[in-house]
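> Build me a model from this:
(2 chains)
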Amino acid sequence: MAALRGSFRLLSRLVCAHHYSTYSRGRLSRCVYLLNRPQLKICPHRYFRTTTVAAGQIVQFKLSDIGEGITEVTVREWYVKEGDTVSQFDSICEVQSDKASVTITSRYDGVIKKLYYSVDDTAFVGKPLVDIETDAVKDGILEEDVVETPAVSHEEHTHQEIKGQKTLATPAVRRLAMENNIKLSEVVGSGRDGRILKEDILNYLSKQTGAILPPTPEIVPPPPRPTPAAPQPHDKAPLKPTPVSVKPVFTGKDRTEPLKGFQKAMVKTMTAALKIPHFGYCDEVDLTRLVQLRQELKSLSESRGVKLSYMPFFIKAASLGLLHFPILNASVDESCQNITYKASHNIGLAMDTQQGLIVPNVKNVQLLSVFDIAAELNRLQALGASGQLGTNDLTGGTFTVSNIGSIGGTYAKAVILPPEVAIGALGKIQVLPRFNERGDVVKAHLMNVSWSADHRIIDGATMSRFSNLWKSYLENPAAMLMDLK
Amino acid sequence: MFARVAFAACSRSAQCCTYVRSCSRTVFTLGPSRGAVLRSLSSDVFENLALEDWLHNNLDLSEEGHALLLWQNAPVVVMGRHQNPWKECNVGLLREKGIRLARRRSGGGTVYHDLGNLNITFFTSRKRYDRARNLQLVCSALKAVSPRLDVCATDRFDLLLNGDFKVSGTAAKLGRTSAYHHCTLLSNTDRRALSAVLKSPYQGISSNATRSVPSPVMNLTDQDPALSCELLITAIAQQYAHQYCLEPSIALLDPTDENTLPGIRSTTQEMLSWEWVFGKTPKFDVSVSLKVADAIVTLCMNVKNGIIDTCSLELPATWPYWEAGAELQSLLTGSRFCAGDAKLLSSSLLRSCPQTDGVQDRWRDLCEQVASLM
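A predicted model of the protein is given here:
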């Protein structure tokens, strides 16, 4: 009632102001000042909105009765912050009382102006929880909150007349459509009775732009229930023919964020690697015989519970080569004064995981058989996939092999991982035609290898001889058998 | 006895629940009886929690609608919405043993579920939310099949057997217009596994997260061997149907059926995501003094949303390769509070560690201890 009286007072003032303006210009500025005074935002009735520049009403949203005689709760999580726009039924916060977790939802559309509590504070039932600045006040909302709101009166605000067609959507959805210049008539509603939901707008947008859109909030309040009265007919008015081309709406934005954990670690490792003068050496390996051998051994390995890939062969061959060229299994100190020849062949395997590149290593390959290496790889892969690799698995490597070919590619320029001095990148195995000794064209399984080595202590000749030896073991697996320890 | 019927059959008879075709999507609703007894076909905790959430958000509980959901999980530790897993259980041991960890949407404490435990969820409108009435129903059901059973509800909404031993704990979730109250019921759970995993070894954590109240527990089968989960399901369903004048049948729900339960797959993905299970931990501080060789290293971390927000590491002045302390601090800041992640990060640091004796070992020891805090 006080609000209504106030508005009449304002109305009478406006009438006077208007009256003055027709009389003298001198007075006009005073009347304009009267209209624009911020204090005049008593109760913005609908038709005042077009004449005043007053801000919306700030409503104190009180914490409603939880039930069971509970008077206080603990605020556990805020879903909004000051300045956020909320729609009716959006989740505002999560509170806890006596083993019950309660989601408090907004009763209004508007902007959050103030949060009365921080996380872990005790909030009181009946006391203000947030202040919301609303832009339109629905009848009766100024009263105390009631837990159960019948959705009936909401119905009149959910229709939008577009081209003679009534489209069902909540104010929140209409706002979202408006912000993105979307015509509701062009969106297919997936809710009850063809109601357009927030998800429908987002799907429509993502189809238009292919842009990655923010995920919908975790707690989805049920859409307001329609009245049992006459269901709205969609197909009453004939549809206008849809336009041939639809203007795409691009919502993509640049995003800057600081580098986190794994990226920082990668930056550090690669910056250190940059200090090493790399040289590269590439070659082609004919794996035809190895492919056949592996095919024969696969079932035997599987019967022992181990998956056999090509990697165990590559790794074992590398270890056999390192026995002849130990400088590739060495390490230099920071000042490059001393070189340490490592006794163990701890061969690292580059692994691609959710967190990025990780390099666990197989310890003492010089002591292991191909089958042992395969079993160890299985173990490391399982741990890597579940994020459970131990420090021991991740440190102590002396030489690395990267099977980038499992994803794709032929040649690569791998970066040496300090404190190692060499690394090999394996391309994918391709079936290509080659000439054999007799000059016939035969089917060959070929793979390219790209080595990188530290040119301060390793020369091209060493790398080349190592590569040739490694290659010979793989092209003729029987030779590996000869040299196996 | 009454028969358990498959979901399709139930819909054909249109007795307790019906399909409603709306916009070429099937939506599950309660029929004219306004009530239903449901059972999940899955024993995957994430699928079941998603199912519970789906029903909470999508069941039409108008006109006094209500439902009962019965479900069981394969071994898993389930914590309350606002709890800290590192304070409630042995996260590392769970990972080692392959026991899953889940966070539910309702409040309350941490529990261990296995197939010897029955979960019961009562869905009602906000107005009809009444935990005492629900527990009374469970007690009546138990007494109907085991008349001499001494079971009663406490004012904390637990069920005690013989006045001393907890056989059921309660939690609840209240939304805008609907609510649910769920409780466990220990029929024949592995009590040794239960006590092993619900013991936290983590030091130095201070937080305002909800703490569990440990209680001595007992299995119903210890008192009456006939009270298996299957019998409990039958008894409770029968009691519910009787109390609410429903047809005595249970509808079976498949929580992976996207057609009947649209949107449930994405909820399941959310429930098993790291961001939900660990990321929803209320902010907490960790403050420890680690003993490495003969030196003391102090580490303080402030963790928000499962991410290390600030980290300060104090190394003694005589610590070798001392400058890497700032490096480790920088790596940890902004990373997940997760042992696996910490090990990966420290491995990159150890790579740059001088190879001379003792230095690597010290740093490795320190990094392992840091990871063991998580």
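
> Strands of the stretch 151-300 of chain A, residue ranges please.
A:159-162, A:165-168, A:278-286 (DSSP state E, counting those that start in this stretch).

> Give me every residue in the stretch 301-450 of chain A that's in contact range of chain B.
Residues of the stretch 301-450 of chain A lying near chain B by Cβ under 8 Å from any Cβ of the partner chain: A:331, A:333-334, A:340, A:355, A:358, A:386-391, A:394-395, A:417-419. Every C-beta, even on glycine, is put in place using the N, C-alpha and C of the backbone.

> Among those, name the ones in helices.
A:391, A:394 (DSSP state H).

> Which residues of the stretch 151-300 of chain B lie near chain A?
Close to chain A, as judged by Cβ under 8 Å from any Cβ, the stretch 151-300 of chain B has residues B:156-157, B:170-178, B:208, B:210, B:263, B:270, B:280, B:282-283.

> and A:Ser101, what is it in contact with?
Contact analysis of A:Ser101 by Cβ atoms under 8 Å, 6 or more residues apart in numbering or on different chains lists A:76, A:94-95, B:80-82, B:105-107, B:171-174.

> got a pLDDT number for it?
In this model, A:Ser101 is scored at 91, pLDDT.

> Kindly export the longest strand seen in chain A (C-alpha atoms) in PDB.
Taking DSSP state E as the criterion, chain A has its longest strand at strand A:441-454. C-alpha atoms of strand A:441-454 as PDB (Å, rounded to 0.1, in the frame of the first residue of the first chain):
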ATOM      1  CA  VAL A 441      58.600 -55.400 -56.500                       C
ATOM      2  CA  VAL A 442      57.500 -56.800 -53.100                       C
ATOM      3  CA  LYS A 443      55.300 -55.600 -50.300                       C
ATOM      4  CA  ALA A 444      57.300 -54.200 -47.500                       C
ATOM      5  CA  HIS A 445      56.400 -53.000 -44.000                       C
ATOM      6  CA  LEU A 446      58.400 -49.900 -43.500                       C
ATOM      7  CA  MET A 447      58.900 -47.600 -40.600                       C
ATOM      8  CA  ASN A 448      61.000 -44.400 -40.400                       C
ATOM      9  CA  VAL A 449      63.100 -43.600 -37.400                       C
ATOM     10  CA  SER A 450      64.400 -40.200 -36.500                       C
ATOM     11  CA  TRP A 451      67.200 -40.000 -34.000                       C
ATOM     12  CA  SER A 452      68.300 -36.800 -32.200                       C
ATOM     13  CA  ALA A 453      71.600 -36.700 -30.300                       C
ATOM     14  CA  ASP A 454      73.700 -34.300 -28.300                       C
END
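
> what's B:Phe278 sitting at in phi/psi?
phi -100, psi -30 (degrees, to the nearest 10).

> Hmm, B:Trp86 and it touching each other?
No. With contacts counted by Cβ atoms under 8 Å, B:Phe278 stays clear of B:Trp86, the gap being 9.0 Å.

> shared neighbours of those two, which are they?
Jointly contacting B:Phe278 and B:Trp86 under the rule Cβ under 8 Å, 6+ apart are B:Phe337.

> Write the PyMOL selection for whichever of the residues of the stretch 151-300 of chain B next to chain A are buried.
Remark: buried members of these, expressed as a PyMOL selection using 16 or more other Cβ atoms under 10 Å in any protein chain shown:
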select buried, chain B and resi 157+170+171+172+173+174+175+176+177+178+210+263+270+280+282+283
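
> Among the residues of the stretch 151-300 of chain B next to chain A, name the ones in helices.
Going by DSSP H, the helices hold B:Glu270 from these.

> Show me which residues of the stretch 1-150 of chain B sit near chain A.
B:22-23, B:25, B:27, B:57-58, B:60, B:62, B:80-82, B:95, B:105-109, B:126-127, B:129.

> 10 Å instead?
For the stretch 1-150 of chain B, the residues in contact with chain A (Cβ under 10 Å from any Cβ of the partner chain) are B:20, B:22-25, B:27, B:53-54, B:56-62, B:80-82, B:92, B:95-96, B:98, B:104-109, B:125-127, B:129-132.

> dump the residue contacts of A:Ile92.
By Cβ atoms under 10 Å, 6 or more residues apart in numbering or on different chains, the residues touching A:Ile92 are A:61, A:78-80, A:84, A:86, A:103-107, A:112, A:115, A:129-130, A:132.

> Low-confidence stretches in chain A?
Residues of chain A that meet the criterion pLDDT under 70 lie in A:1-55, A:136-168, A:171, A:192-193, A:206-239, A:241-243, A:485.

> can you give me the helices in it?
Counting by DSSP H, the helices of chain A are A:2-23, A:25-36, A:171-179, A:198-209, A:261-274, A:288-303, A:311-324, A:370-385, A:391-394, A:460-475, A:477-483.

> okay, now A:Phe435: neighbour count?
10 (other Cβ atoms under 10 Å in any protein chain shown).

> Please name whichever of the helices of chain A is nearest to B:Leu69.
helix A:198-209 (24.9 Å; Cβ to Cβ).

> Tell me the spacing between the nearest residue to B:Leu313 once chain neighbours are set aside and chain A.
In this structure, B:Leu313 finds its nearest non-sequential neighbour in B:Gln329, 4.8 Å apart by Cβ to Cβ, 6 or more residues apart in numbering or on different chains. According to Cβ to the nearest Cβ, to the nearest Å, B:Gln329 stands 11 Å off from chain A.

> tell me the contacts of B:Gln329?
Contacts for B:Gln329 (Cβ under 10 Å, 6+ apart) come out as B:299, B:301, B:308, B:310-315.

> That one belongs to a helix?
Yes. If the criterion is DSSP: H, G, I helix; E, B strand; the rest coil, then B:Gln329 is within a helix.

> in chain B, which segments are predicted with low confidence?
Across chain B, the ranges flagged by pLDDT under 70 are B:1-28.

> Show me how the record splits it into domains.
With domains defined by automatic domain parsing, chain B comprises B:2-277, B:284-372.

> would you turn the ones you listed into JSON lines with distance to A:Ser464?
Below are those laid out as JSON lines (distance: least, Cβ to Cβ, whole Å):
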{"stretch": "domain B:2-277", "distance to A:Ser464": "46"}
{"stretch": "domain B:284-372", "distance to A:Ser464": "28"}
